[in-house]
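Trainee: Need the 3D shape of this:
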Amino acid sequence: MTEVRTAHTAQLDEGELKALRSLLDAAFDGGFTDTDWDHTLGGVHAVVWEAGEPVAHGAVVQRRLLHGGRALRTGYLEGVAVRPDRRGRGHGASVMAALEAVVRGAYVLGALSAAGGSGAFYEARGWQRWQGRTCVLTPSGMERTPEDDESVHVLALPTSVDPKGVLVCEWRDGDVW
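Mentor: Residues are numbered from 1 along each chain as shown. Model prediction:
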């Protein structure tokens, strides 16, 4: 029996968190760092469980993205992955449906960075690739992040947002987007 559960990080016990971290390590083939894990915590998780084991995961965490002189309350997706042996069964879509409901219900904007050529998956779900420049607000000022220009995607653009403009994220350790 497949179950999709949503829960805040605070509602997940130590065993569940350990199982989720193991899932993400496997799904990202060892490329999921401690900093990536830290970025995934503190928000709402959507998890597909099979026989008590997580097979798909994603989280929405709150971030502030700057655009057009405004700070936008953004639901930012982190740690979206499906266990390699369970891909192609709709689990990713189930996770995304739950996360998108959170974004639409609680945030002005949704955003994510599509890794490893996964942009088409998100675009098929209505996410739009950001067409403008991306930047990060660092401790020493704003810096361009041209390596992220092609990977940032957004959902539910308010009419005041120009998808060809500049989008700025706040500084954080590890990958800023």
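
Trainee: Residue ranges in this protein under the pLDDT threshold?
Mentor: 1-2 (pLDDT under 70).

Trainee: What is the burial count for the residue nearest to residue 25 when sequence neighbours are not counted?
Mentor: Excluding the flanking residues, the one nearest residue 25 by Cβ to Cβ, 6 or more residues apart in numbering is residue 32, at 5.3 Å. Where C-beta positions appear, they are placed from N, C-alpha and C, glycine not excepted. Using other Cβ atoms under 10 Å, residue 32 has 18 neighbouring residues.

Trainee: List the contacts of residue 32.
Mentor: 24-25, 79 (Cβ atoms under 8 Å, 6 or more residues apart in numbering).

Trainee: same question, residue 158
Mentor: So residue 158 contacts 72, 108-109 (Cβ under 8 Å, 6+ apart).

Trainee: swap the cut-off to 6 Å and go again
Mentor: Contacts here follow Cβ atoms under 6 Å, 6 or more residues apart in numbering; on that basis residue 158 touches residue 108.

Trainee: The longest helix along the chain: what's the following helix or strand?
Mentor: Ranked by residue count under DSSP state H, the longest helix found in the chain is helix 91-106. The C-terminal neighbour of helix 91-106 among helices and strands, as given by DSSP states H and E, is strand 109-113.

Trainee: What about the residue lying closest to residue 122 once chain neighbours are set aside, how many residues nearby?
Mentor: If the residues on either side of it in the chain are set aside, residue 122 comes closest to residue 153, at 5.0 Å by Cβ to Cβ, 6+ apart. The local packing of residue 153 (other Cβ under 10 Å) involves 22 other residues.

Trainee: Which secondary structure state is assigned to residue 153?
Mentor: Secondary structure, DSSP: H, G, I helix; E, B strand; the rest coil: residue 153 is strand.

Trainee: Pairing partners for it in the sheet, please.
Mentor: Counting by DSSP bridges, residue 153 is bridged to residue 112, residue 129.

Trainee: Now do the same contact list for it.
Mentor: So residue 153 contacts 112, 114, 122, 127, 129 (Cβ under 6 Å, 6+ apart).

Trainee: Break down the chain into its helices, ranges please.
Mentor: 14-27, 34-40, 91-106, 119-124.
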